[in-house]
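Participant: Fold the following, please.
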Amino acid sequence: MSKQVKKYSKWILIVALLFLMLPSVLRALDGNVYLMGDESYYHARMAENIVESGIPETDALVFNGRDYVFNPYHLLLACFTFVFGAVTASKIVPLLLGLLCVYLFYLILSNLKIEAWTKLVMLGLLILSPVFIYTFNVSTQLCLILVLNLAGLFFLMKKGTVYTIFSVIFFSIAAMFGVSHALVSAFIVFFYAFRYKKRLRKGYLIIAAVVFVMLSYSLPVYLNAEKAGFLSLNILSSFFADLGGAAGISVFAALLALVGYTLVWRYKRQYYLLYVFSILLITYSFFNNALLIYSNLIIVFLAGIAFVHFARMRWSLKILRDFTLIVLFCGLMFSAFTTVFSLQEALPNTPMTNSLIWLNLNSEETDVVFSHYSNGFWIEFVSKRPVIMDCLLQHTPGVNDLYFDSKQVFETDDLDKARELMSKYDVKYVIITKNFYDGLVWDKKEKGLDFLLTNVETFKKVQENSYVVIYEYIYEGVEN
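Facilitator: Numbers count the residues shown, from 1 in each chain. Got it, this is the predicted structure:
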């Protein structure tokens, strides 16, 4: 490795740290010190519960409660929560895991004998990728899953019994997060062991452990999960960051990856299994965004090969080469900063959290709150109040019935019907947010429930700011 490449390599972790901290710093400058996204609040609440009273059996902050599904990420988060508190821990843990991800990716590329400049470019593309920036800013289980798989692969590459044990442990824990993650872990091990025959015995052992965890834990959880029939997915916009997907792939990186794929196609006989798996994985990622963490690594790898190829190939005009590389670099930076600014503006905003804090201080612990399910995690964590439903749809019993009733409440112009459903769920407060009128619930004001809220015999406005209105349900004419 040249001295110049070594010098740049030392800065990689610093650059990664800056990009990972940027969204939080920008939010803090705007006066918003709260966590980004919604799922991070669920994990923070569970970590808080574990610190206070151990691993819970049920989650009581949704209607009728639900069984708690064990998540290894909650244990990791709880360790930091014990020292720093849930909110700070939810910022520190993804950040540390992000730096560890970059370092492990560097070690794996080094073990694969990737040329120095190409390795540096791949690391740079990883840091600039929207998937990386999002995954290690928003506190979700995905940040741990990716690091576990990278750590498992790194120790699989090493010789020795101790390394094998570590590899088994990391891949087995990763398999606990779901069937799809278990299958990805199993294929990673299978391909590497198949490619390097000396690792076959170790590979079979790890695959056996992964399959055991999948069949004994992940598969039963999957089979018992609720199927939310009301969800829809915009495939292109959720896959590509430049088209609206907060954690999507950069269009420029995807184009570079296509070029990279053509460049490595000549090795298809050696790596045909990997080629087939890569295509299937990326295709399936259009429908399951959780798998983008793996697809992103494949795209980064191929895009790095293409970028270095463009930089080194002979051009008839040097200025054309420079222009092409500058356009590609600017495109990658555009995707990265689009994600950074998206996270900066991500909900919950300050007015939202202030309203939820007010609700916590001015209501009873058992008061049920009705709102759109996308607000559920925030209400549960900040207000400490139960909701009808939240975004953990797959583990909420009767989720389709809950959604249908909620939809009826939002859309009905019949006051008696609204009262009946409110009383059915023992609702005490209703939270309306500004984005309800942007198509989340209604396309204009004074429709359905929004119109009924003007009935002073049924609802009383108790709190309002620029983003949130809270109503108290005061009607007592219908027996619960």
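Participant: can you list the weak-confidence ranges in the stretch 51-200 of the chain?
Facilitator: 197-198 (pLDDT under 70).
Participant: Now do the strands in the protein.
Facilitator: 58-59, 66-67, 368-370, 427-433, 459-464, 468-473 (DSSP state E).
Participant: Quick one: list the elements packing against the fifth one.
Facilitator: So the one you mean is strand 459-464. Counting contacts by 3 or more Cβ pairs under 8 Å, 6 or more residues apart in numbering; DSSP states H and E, strand 459-464 is packed against helix 350-361, strand 468-473. Backbone N, C-alpha and C define where each C-beta goes, glycine included.
Participant: between the longest one and strand 427-433, how many degrees?
Facilitator: Compare the direction of helix 350-361 with that of strand 427-433 by axes from the mean of the first three to the mean of the last three Cα atoms, to 10 degrees and you get 170 degrees.
Participant: Would you mind pulling the contact partners of helix 350-361?
Facilitator: 30-32, 34, 348, 369, 378-379, 382-385, 429, 431, 433, 463, 465-468, 470 (Cβ atoms under 8 Å, 6 or more residues apart in numbering).
Participant: Give the buried residues for that helix.
Facilitator: Residues of helix 350-361 classed as buried: T350, P351, M352, T353, N354, S355, L356, W358, L359 (neighbour count, 16 or more other Cβ atoms under 10 Å).
Participant: Out of these, which is nearest to V69?
Facilitator: L356 (25.0 Å; Cβ to Cβ).
Participant: mind checking which of the helices and strands packed on strand 459-464 is nearest F63?
Facilitator: Using Cβ to Cβ, the nearest of these to F63 is strand 468-473, at 14.9 Å.
Participant: on that earlier part again, distance to F277 and mean pLDDT for the helices and strands packed on strand 459-464 - can I get that in CSV?
Facilitator: CSV is the format used below for the helices and strands packed on strand 459-464 (distance: least, Cβ to Cβ, whole Å; pLDDT from 0 to 100):
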stretch, distance to F277, mean pLDDT
helix 350-361, 42, 96
strand 468-473, 46, 96
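Participant: could you dump the ones you listed to a markdown table with distance to E39?
Facilitator: Output for the helices and strands packed on strand 459-464, formatted as a markdown table (distance: least, Cβ to Cβ, whole Å):
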| stretch | distance to E39 |
| --- | --- |
| helix 350-361 | 16 |
| strand 468-473 | 20 |
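Participant: right, and those - which one's nearest T324?
Facilitator: Distance to T324, taken as Cβ to Cβ, is lowest for helix 350-361 among these, at 43.0 Å.
Participant: Now do that closest one against strand 459-464, angle only.
Facilitator: Going by the same axes, to 10 degrees, helix 350-361 makes 120 degrees with strand 459-464.
Participant: Compute the number of surrounding residues for V131.
Facilitator: 29 (other Cβ atoms under 10 Å).
Participant: so how far is L200 from it?
Facilitator: Between V131 and L200 the computed distance is 32 Å (Cβ to Cβ, to the nearest Å).
Participant: what do you get for T396?
Facilitator: Going from T396 to L200 by Cβ to Cβ gives 43 Å.
Participant: more neighbours, the two?
Facilitator: The neighbour count for T396 versus L200, taken as other Cβ under 10 Å, is higher for T396 (25 against 13).
Participant: So that one sits against K227, correct?
Facilitator: No. Counting by Cβ atoms under 8 Å, K227 is not a contact partner of T396; they are 11.4 Å apart.
Participant: Give me the number of neighbouring residues for F212.
Facilitator: 13.
Participant: returning to that earlier point: could you point out which of the strands of the chain sits nearest W315?
Facilitator: The nearest among the strands of the chain, by Cβ to Cβ, is strand 427-433 at 53.0 Å.
Participant: quick one: that closest one to strand 468-473, angle?
Facilitator: 160 degrees.
Participant: show me what contacts M422?
Facilitator: F370, V409, Y473, Y475.
Participant: With respect to F177, which of these is nearest?
Facilitator: Taking Cβ to Cβ as the measure, F177 lies nearest F370 of these, at 31.3 Å.
Participant: Tell me, what's the model's pLDDT at that closest one?
Facilitator: F370 is assigned 97 on the pLDDT scale.
Participant: Okay, the residue lying closest to it once chain neighbours are set aside and I145: tell me how far apart.
Facilitator: Spatial nearest neighbour of F370, chain neighbours left out: V427 (4.5 Å); criterion: Cβ to Cβ, 6 or more residues apart in numbering. V427 sits 36 Å away from I145, taking Cβ to Cβ as the criterion.
Participant: So the two - more neighbours on which side?
Facilitator: The neighbour count for V427 versus I145, taken as other Cβ under 10 Å, is higher for I145 (26 against 23).
Participant: For that one, which non-adjacent residue is spatially closest?
Facilitator: Leaving aside its chain neighbours, I145 sits nearest to F177 (5.1 Å; criterion: Cβ to Cβ, 6+ apart).
Participant: give the contact list for the one you found.
Facilitator: F177 sits in contact with N71, P72, Y73, Q141, I145, S218, where contact means Cβ under 8 Å, 6+ apart.
Participant: Check the offset of stretch 32-48 from the chain's centre.
Facilitator: Centroid separation for stretch 32-48 versus its chain: 12 Å, with Cα atoms, centre = their mean, to the nearest Å.
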